[in-house]
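> Give me a model of this one.
(one chain, ligands or ions: 3)
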Amino acid sequence: MVVSLVVTAFWAMLPAYIPNNAAVLAGGGRPIDGGRTMDGRRILGDGKTWRGTAAGTIAGLAVALALNVVQPTVSSLLGFSLPTFPLAAGFGLALGAMLGDIGASFLKRRTGRERGAAFPGLDQLDFVVGALVLALVFAPAWFTATFTLPLLTVVLVMTPVLHVVTNVGAYVLGLKNEPW
Ligand SMILES: CC(C)=CCC/C(C)=C/CC/C(C)=C/CC/C(C)=C/COC[C@@H](COP(=O)(O)O)OC/C=C(\C)CC/C=C(\C)CC/C=C(\C)CCC=C(C)C
Ligand SMILES: Nc1ccn([C@@H]2O[C@H](COP(=O)(O)OP(=O)(O)OP(=O)(O)O)[C@@H](O)[C@H]2O)c(=O)n1
Ligand SMILES: [Mg+2]
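Ligands and ions are numbered 1, 2, ... in the order given. I've put the predicted structure just below:
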């Protein structure tokens with residue numbers, strides 16, 4: 001029961017987990033805020049780029065579509081049914097993850113944090129909140145059928161742990177400048 005809940009939570013959130021990874025790997029170039037400032041500080045900063053956002057959204061959506069293809073096989077191997085992703089749900093999770101991260105940068109700049117500064121708690125959950133909200137807006141019936149209260153609880157507990165482990169791994173491998 002617990003194992004199937006954890007596996008289902010990871011599976012259902014993969015289209016939201018991959019976008020930030022892809023943005024780190026493929027990002028750079030023109031910043032979304034075009035260098036503009038607000039209250040003397042950058043609106044978002046150089047860490048939020050058009051290329052990273054587009055790459056992240058496309059990667060998350062591609063993962064959702066790929067999971068749909070392997071879902072029957074993986075479900076039968078595991079012995080329980082994993083969710084599939086309608087296009088609107090996959091797109092909502094992927095774009096929402098990117099928008100959540102962008103929203104966090106907006107808040108970081110408004111609270112005087114420079115690019116790359118840590119904001120514990122926000123850093124770990126910004127993309128989750130963005131992904132879940134946009135999936136709810138884009139695919140409400142799918143969202144309520146998939147994200148039961150126990151599943152949402154597992155997602156909210158598990159994701160910060162995965163985020164810390166993934167970021168430390170990316171830092172050690174030289175893919176990120178900070179381990180958060
Ligand atoms: C398909 C693409 C583009 C990349 C896949 C690379 C890969 C195997 C990544 C791990 C995937 C994964 C499902 C992680 C889940 C956890 C999670 C919550 C991810 C959120 O992403 C954080 C991201 C940036 O965050 P930020 O914008 O908020 O700062 O982290 C950076 C990640 C990368 C640069 C990707 C490459 C990272 C690695 C190769 C690190 C190695 C990872 C580990 C040793 C731990 C993975 C652990 C588990 C349990 C999956
Ligand atoms: N929408 C995005 C998100 C991330 N990135 C790339 O991924 C890196 C790491 O992402 P993140 O940690 O989210 O950004 P930071 O540089 O730490 O900036 P901030 O303080 O605003 O989070 C960024 O520097 C940038 O190169 C990007 O290009 N576009
Ligand atoms: Mg950062």
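> use CA for all of it now, contacts and neighbours both
Fine.
> Do you know the pLDDT at the residue of the chain positioned farthest from its centre?
Here the chain reaches farthest from its C-alpha mean at Gly40, the gap being 29.0 Å by C-alpha atoms, centre = their mean. In this model, Gly40 is scored at 94, pLDDT.
> The one 3 residues further on now?
pLDDT for Ile43: 98.
> Also Val2?
Reported pLDDT for Val2: 89.
> what do you get for the one 10 residues further on?
On pLDDT, Ala12 comes in at 98.
> How about it, nearest residue that isn't a chain neighbour?
Using C-alpha to C-alpha, 6 or more residues apart in numbering and skipping residues adjacent in sequence, the residue nearest Ala12 is Pro83, 6.7 Å away.
> I figured that neighbour hits Met13, correct?
No - counting by C-alpha atoms under 8 Å, Pro83 does not reach Met13; the two are 10.5 Å apart.
> Looking at these two, which is more packed in?
Met13 (22 against 19; other C-alpha atoms under 10 Å).
> helix/strand/coil for Pro83?
coil (DSSP: H, G, I helix; E, B strand; the rest coil).
> who are the neighbours in contact with it?
By C-alpha atoms under 8 Å, 6 or more residues apart in numbering, the contact set of Pro83 is Thr8, Trp11, Ala12, Gln71, Thr146.
> Could you save these as TSV and add columns showing secondary structure?
Conversion of the contacts of Pro83 to TSV gives the following (three-state DSSP):
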residue	secondary structure
Thr8	helix
Trp11	helix
Ala12	helix
Gln71	helix
Thr146	helix
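> Thank you, goodbye.
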